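Student: sequence and predicted structure, then a few things I'm wondering about:
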Amino acid sequence: MNQSSPVLQAESISRSFPSSSGKDKLEILKHLSLTVTSSEMCAIVGPSGSGKSTLLHLLGGLDLPDSGKIYWNRFAISDWKPDKLADERNRQIGFIFQFHHLLPEFSALENVCMPALIGGRDIREAEPRATQLLERIGLSERMHHRPAQLSGGEQQRVSIARALMNKPAIILADEPTGNLDEKNSDAILDQLSELRDTEQVAMVLITHDRDIANRCDSVYELTHGALRQLKAD
């Protein structure tokens, strides 16, 4: 790992939301900082409601902090206009969610192609890369099946391939094994580790499972709005 090459940085970010009464604000994140380097596999653990998903949304540019800054490859994303931010997010960030969010009317291959199509590429240009990714994760015989014809583990593998479609610098994964049994969870984690190396992509995994977290290079715990490092590579 090249410690001198940060691909993702959060610099003293804070985020709050109105309380249910509307009179006060709930401080979810408080002056939180994080640096993820090239090809690093980073886990963030913490109790339910601690703000892990809020943090992931901020790191992925789906929301902006009240204060502080997020950097992708040293560029402050708050400096970009919305269209520029959307374009850079499509190019630089891959998302994997607990619920795979595959489009049911499209095949596995078409779902994997989707980020490239959103980025303006032609389907004929996108298909070779999508095919290669599906072959590498063991779904060469299932690529023309629709999501309803795939198992839960297969659907999540399709979502991993989709996240890698545009060769992002960073993968953000929110409980990627949360809906899978132990066997499928282990298989998904093995594939993420392998793809991290072959694709040279950094990964941030949100998880409640300490065994999953311990397979990562670095581990942070999010409590009371702040990160505490539990493990460093």
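Tutor: Okay, I see it.

Student: next one: phi and psi at Leu103?
Tutor: phi -80, psi 120 (degrees, to the nearest 10).

Student: with the one 5 residues further on instead?
Tutor: Ala108 has phi and psi values of phi -60, psi -40 when expressed as degrees, to the nearest 10.

Student: my guess is it contacts Ala148. True?
Tutor: No. Judged on CB atoms under 8 Å, Ala108 makes no contact with Ala148 at a distance of 11.1 Å. The C-beta positions use only the backbone N, C-alpha and C, and glycine is treated the same way.

Student: residues contacting the spatially most central residue of the chain?
Tutor: Computing the C-alpha centroid of the chain and ranking residues by CA atoms, centre = their mean puts Leu172 first, at 1.3 Å. Leu172 makes contact with Leu56, Leu59, Gly60, Ile93, Gly94, Phe95, Ile96, Met203, Val204, according to CB atoms under 8 Å, 6 or more residues apart in numbering.

Student: now do the SS call for it.
Tutor: Judged by DSSP: H, G, I helix; E, B strand; the rest coil, the three-state class of Leu172 is strand.

Student: swap in Arg124?
Tutor: Put simply, Arg124 is helix when judged by three-state DSSP.

Student: that one: how many residues sit nearby?
Tutor: 8 (other CB atoms under 10 Å).

Student: kindly report the same for the one 3 residues further on.
Tutor: Under the neighbour criterion other CB under 10 Å, Glu127 is assigned a count of 16.

Student: now swap in the one 10 residues further on and tell me
Tutor: Burial of Ile137 is recorded as 21 neighbouring residues (other CB under 10 Å).

Student: take the contacts of Leu172 and keep only those in helices.
Tutor: The helices, defined by DSSP state H, take in Leu56, Leu59 from the contacts of Leu172.

Student: Throw the contacts of Leu172 into JSON lines and include neighbour count, thanks.
Tutor: Listed next are these as JSON lines, based on neighbours: other CB atoms under 10 Å:
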{"residue": "Leu56", "neighbour count": "21"}
{"residue": "Leu59", "neighbour count": "24"}
{"residue": "Gly60", "neighbour count": "22"}
{"residue": "Ile93", "neighbour count": "22"}
{"residue": "Gly94", "neighbour count": "27"}
{"residue": "Phe95", "neighbour count": "20"}
{"residue": "Ile96", "neighbour count": "24"}
{"residue": "Met203", "neighbour count": "25"}
{"residue": "Val204", "neighbour count": "24"}
